[in-house]
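Undergrad: I would like to see how this sequence folds:
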Amino acid sequence: MVRLFIAVDLSSEVRSKVIAFRDAVSNSGADVKPVEDENLHITLRFLGEVRDDLLTELKHNLSNLSFNSFRMHVKGTGAFPSISSPRVIWVGVEEGEDQLRALHDAVEELVGKYGVSDEREFTPHITVARVRGRASVLGKLINQWRDFDFGWQTVDSVTLKKSTLTPRGPIYENLLTIGLK
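TA: Have a look, this model is predicted:
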């Protein structure tokens, strides 16, 4: 079995600004598990555990993705399920959100039968930290960054990633990158 997901990677410019927010969250005194620099991304579809013998077929299906590249504007911050009771701290997408949803739907058509079912509504975001415990200081911090402009980037590819869980956190490996038109 191999643990898989499909993602949009961040440009270095956007990533550096997201890291600044992530570091502010990490240094806030809240009990959080920050996402490592190299692991920041937008998950289009989490597949979970997939049998090894299905990997070739899944890659083949995903390679049939036909989608136009587009620009997205990474802006704003928030928390799931809410700022008052945060479990996941995220950076949002302001423009390009509709295209990301359509890209998610196109990916879902090609690989939806693999792995776990995707029952939650897709909300484009970049997870920067998971809250483990005390989080009272996070609401104010999230609101301070609420309208922060993390920048624009072109979405010109999606990547199938393998996730290996370790005690220190997940290690991601790119298995296939599909360019967009």
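Undergrad: OK, contacts around the residue in the chain sticking out farthest from the centre?
TA: Here the chain reaches farthest from its C-alpha mean at Asp53, the gap being 26.0 Å by CA atoms, centre = their mean. The contact partners of Asp53, taken as CB atoms under 8 Å, 6 or more residues apart in numbering, number zero. For glycine as for every other residue, the C-beta is placed from the backbone atoms N, C-alpha and C.
Undergrad: check for me that it belongs to a helix.
TA: Yes - residue assignment for Asp53, taken from DSSP: H, G, I helix; E, B strand; the rest coil, places it within a helix.
Undergrad: which pLDDT value belongs to it?
TA: Turning to Asp53, the model gives it a pLDDT of 93.
Undergrad: just Asp118 next, same as before
TA: If you check Asp118, the pLDDT there is 73.
Undergrad: for it, give me phi and psi.
TA: Listed backbone geometry of Asp118 is phi -110, psi 90, with angles given as degrees, to the nearest 10.
Undergrad: for the residue nearest in space to the middle of the chain, which residues make a bridge with it?
TA: Centre of the chain computed as the mean C-alpha position; nearest residue by CA atoms, centre = their mean is Ile42, 2.5 Å away. Here Ile42 shows beta-bridge partners Val8, Ile126, assigned using DSSP bridges.
Undergrad: name the single longest strand found in this structure.
TA: In the chain, taking DSSP state E as the definition, the longest strand is strand 70-81.
Undergrad: what packs against it?
TA: In this structure, strand 70-81 makes packing contacts with helix 12-26, strand 86-95, helix 97-111, strand 125-131, helix 138-144, strand 149-155, judged by 3 or more CB pairs under 8 Å, 6 or more residues apart in numbering; DSSP states H and E.
Undergrad: would a markdown table of these with distance to Met1 be doable?
TA: A markdown table is the format used below for the helices and strands packed on strand 70-81 (distance: least, CB to CB, whole Å):
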| stretch | distance to Met1 |
| --- | --- |
| helix 12-26 | 30 |
| strand 86-95 | 25 |
| helix 97-111 | 16 |
| strand 125-131 | 23 |
| helix 138-144 | 35 |
| strand 149-155 | 29 |
